[in-house]
Every structure is written in C-alpha cells, then in structure tokens.
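Undergrad: Sequence and predicted model, in that order:
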Amino acid sequence: MQFTIQQIAEALGAEAEGQTSLTILRAAEPVDAGPTDLAMAMSPKYAEALESGSARAAVLWDGADWRALGLEAAIFVQRPRMAMAGITSMLDRGQGIAPGIHPSAVIDPTAEIGADVSIGPLSVIGARVHIGAGSVIGAHCVVGMDATIGKDALLREMVSIGARARIGDRFIAQPGARIGGDGFSYVTPEVSGAENARKSLGDQGDAKAQSWLRIHSLGAVEIGDDVEVGSNCTVDNGTIRNTVIGDGSKLDNLVHVGHNTRVGRDCLLCGQTGVSGSVEIGNNVVLGGQTGVVDNIFIGDGVISGGGTKILSNVPAGRVIMGYPGIKMESHTEIYKAQRRLPRLARDVEALKKAVSKQSTSD
C-alpha cells in the first residue's frame, strides 16, 4: 500500500508543496521517520524532532517553513486531528483477514451471507443470521440465531453477537466485544434490604436474607449505523424492550451498557464507563473515562461528564458535570479548591483558638 504526497493531499483536501511525487509507505512520528515515511509533525513542538529522523516529507501546520526543516515535500493542514483521521484511514493495512469463508467456520444452512463477506477460522454463524455484503467476520467469532449485521461490518477476533441482535451498516467491534449478553436483573420474593436502603438512603429495615431470582432478558440489542465498540465492551439485552445504541456512537474499551438503556446518536462513552439499566442518554453526549451512571435516569443532549464522574440523578441538556456525585464542573472546581484550603483553614482556626484562650486567661 503506497501513495504519493499529492494523492494524500488531494484526499485530505489540503495543500502540498515540494516534490509531491514522493512515494509514502507509512506514517511515523518525526523522530522515527525514514525516507519513505510521512512524518506527523503538525505543530512546532513535534517538528523539532525532525532533525533526529530522516524523513523527506511531513505533514505540517499551516504556514510552516518546510524548506528550513530540511524537507523535500510537505502537506499543510489546519485541523491536525481531522488530518490524522484521513491519513490513518488511507494507510491502514488492516488485520490481514483472508477473503472468503474459512473451511473451519461453522455456518448454519439457513444463514444468509451477503456478497464478498469474509468469515475467519472457527467462527460460528447461527440459524437465520443475515450478514450484509462486504462484511468481515474475524476468527473465533459467534453470531447468534436471528441476528442481523449490516453491510461493511468488521468483527475483530473473538467477538460475540447475541441472538436477535439488529446491527446497522459499517459496524466495528474490537477484539472480545460482547453484544447481547443477558441483563443483570434479579429480584427477591420479599422486599430486600437493598430495596429498603434505596428508599431510605441508609436504613436496610428488617428485611431478611433471601436468595436472588433471575429475571430473564426477552429483549435484544439494536445498534445503528457507523457504531464502534471497543475491546471487551459489553452491551446487555433488554428485559422486555431492546437496549439501543444510536447511529454514530462510539464505545471505548471496557465500557458496559446495561439492559434497557438507550444511547442516542453520536455519543462517546470513554474507557471503563459503566451505564446501569434503563438509562435514557440523549444525542452527542460525552461520558469521560470511568463515568458511572445510576439506573432509571435520563441524561440530556450534549451533556459532557469529566473522567471519574458518578451520575446519580437526571442531567439537563448541555450541562458539563464532574465529581461524585456529579455536579456542574465549575461548582466541583470551587469545591476542590476549598478542599485544598482545608488544612490551612484548620491551622488558622487552631491559632485563633489559642489566641482566644490566651486572651481569656489574661482577662
């Protein structure tokens, strides 16, 4: 896989100067870049490392003096991360999954496999499954009965899709993702201590110890178009209604979405975020890493939570929150500043107590 500087610039809609016929084989950081590499030096602090490498071409910030940097060609970009998206897409060598269906794959005769689908070694495709054209199913994957996967999907190795799942086009699942496990839903014959504690916010009452009875998951999972889920991500089936992930949403590694939860369009759920059951999440929501969300609440459109936030109540649209419990970020920042001042305040109070005591003794 190789491209010229001119081809890359045209694909990005960017300007290029110098010897634009140079051939590029891969992208590299400036210090590691060789003669056939495209050095990613999109700000002055990265460009300083060009002297340590041997790149002939680089991606630079708008207005950079490429000749002074010792380059033979350069591409100029205004939005570096957008350029990264385009360049990495062009130069991605993929996972080397062979085309066609591997002889060791087990495919139910009732399954419908679209044109140009690749299915890797030891994968299992269940009854009445539909896999859209151009999709790639990696090694050791399992797709349960009556599941539907749209066109141009990519399931990396050891992904499992549960029965009756409905997944749109261009779905990407990283290694170990689990879509459609049963929800974590249990009940006791009589009111439990946990139920009492939830109502009272502290008192378990006189509930006796009991065994937990399983509530089965009759729903499935619905996933829209252009969704990506990270490694070891888990999305549980709904109890009665389906769990839903909207178009364009992205789930990082180790994200958990509980039963009945509905995630809107173009949301980002960052690493180790855990969303409980029956949560309604709006569109364009960003939940920072290790955000925790309690069950049966809603999070409005455009909400952003900082890393480690614990969301215990409804959040109105557009709010930026942080902390435990999650509150407005500016309020959390003021509280944090006040906490840092507490040792000094305690010393001041102690000094005042001593001063008052001495004054009382002298009187």
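TA: Sure, I can see it.

Undergrad: And the chain, what are its domain boundaries?
TA: Each domain of the chain is listed here as a residue range: 3-91, 336-363, per automatic domain parsing.

Undergrad: And the helices in the stretch 201-350 of the chain?
TA: 329-362 (DSSP state H, counting those that start in this stretch).

Undergrad: whoops, the stretch 51-200 of the chain was the one
TA: If you assign secondary structure with DSSP H, counting those that start in this stretch, the helices in the stretch 51-200 of the chain sit at 80-91, 193-200.

Undergrad: okay, those helices in JSON lines with distance to Tyr336 next?
TA: C-beta: built from backbone N, CA, C; applies to glycine. Shown next, in JSON lines, are the helices of the stretch 51-200 of the chain (distance: least, CB to CB, whole Å):
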{"stretch": "helix 80-91", "distance to Tyr336": "29"}
{"stretch": "helix 193-200", "distance to Tyr336": "29"}
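
Undergrad: now for those helices, which one comes closest to Asp182?
TA: Using CB to CB as the criterion, the shortest distance between Asp182 and the helices of the stretch 51-200 of the chain is 19.8 Å, found for helix 193-200.

Undergrad: about what we covered before: rank the domains of the chain by mean pLDDT and give me the bottom one.
TA: Mean pLDDT per stretch puts domain 336-363 lowest among these, at a mean of 85.

Undergrad: still on that earlier bit, JSON lines please, covering the helices of the stretch 51-200 of the chain and showing mean neighbour count and distance to Ile8.
TA: Below are the helices of the stretch 51-200 of the chain laid out as JSON lines (neighbours: other CB atoms under 10 Å; distance: least, CB to CB, whole Å):
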{"stretch": "helix 80-91", "mean neighbour count": "14", "distance to Ile8": "7"}
{"stretch": "helix 193-200", "mean neighbour count": "13", "distance to Ile8": "56"}
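
Undergrad: residue ranges with poor pLDDT in the stretch 101-250 of the chain?
TA: The model of the stretch 101-250 of the chain has no residue with pLDDT under 70.

Undergrad: Now with 90, please.
TA: Across the stretch 101-250 of the chain, the ranges flagged by pLDDT under 90 are 198-199, 201-202.

Undergrad: how close does the nearest residue to Val191 once chain neighbours are set aside sit to Leu201?
TA: Using CB to CB, 6 or more residues apart in numbering and skipping residues adjacent in sequence, the residue nearest Val191 is Ala207, 5.7 Å away. Between Ala207 and Leu201 the distance is 15 Å, computed by CB to CB, to the nearest Å.

Undergrad: higher neighbour count, these two?
TA: The neighbour comparison of Ala207 against Leu201 (other CB atoms under 10 Å) goes to Ala207, with 15 against 6.

Undergrad: Now do the same contact list for Ala317.
TA: Contacts here follow CB atoms under 8 Å, 6 or more residues apart in numbering; on that basis Ala317 touches 282, 300-303.

Undergrad: Spatially, what comes nearest to it if we skip its sequence neighbours?
TA: Using CB to CB, 6+ apart and skipping the chain neighbours, the partner closest in space to Ala317 is Gly300 (3.2 Å).

Undergrad: before we move on, what about Gly258?
TA: Gly277 (3.8 Å).

Undergrad: can I assume the one you found is in contact with Phe184?
TA: Yes. Counting by CB atoms under 8 Å, Gly277 sits close enough to Phe184 to count as a contact (7.4 Å).

Undergrad: Count the neighbours of Ala39 for me.
TA: When neighbours are counted by other CB under 10 Å, Ala39 registers 29.

Undergrad: Could you give the bridge partners of it?
TA: Applying DSSP bridges to Ala39 yields these beta-bridge partners: Ala28, Ala58.

Undergrad: ok, now which ones touch it?
TA: 28-30, 33, 50, 53, 55, 57-59.

Undergrad: Could you rerun that using 6 Å?
TA: When the contact criterion is CB atoms under 6 Å, 6 or more residues apart in numbering, the partners of Ala39 are 30, 33, 55, 58.

Undergrad: what separates the first one from Arg81, distance-wise?
TA: Relative to Arg81, Pro30 is positioned 17 Å away (CB to CB).

Undergrad: do the second one as well
TA: Between Ala33 and Arg81 the distance, using CB to CB, works out to 19 Å.

Undergrad: follow-up on the earlier one: please list all residues in contact with the residue nearest to Val191.
TA: Contacts of Ala207 were listed using CB under 6 Å, 6+ apart, and they are 191-193, 196.

Undergrad: and the two most separated of the residues you listed?
TA: Greatest spatial distance in the contacts of Ala207: Val191 and Gly193, 8.5 Å, computed using CB to CB.

Undergrad: And for the residue nearest to Gly258, the neighbour number?
TA: The local packing of Gly277 (other CB under 10 Å) involves 20 other residues.

Undergrad: for it, what are its contacts?
TA: Neighbour list for Gly277: 258-260, 295 [criterion: CB under 6 Å, 6+ apart].
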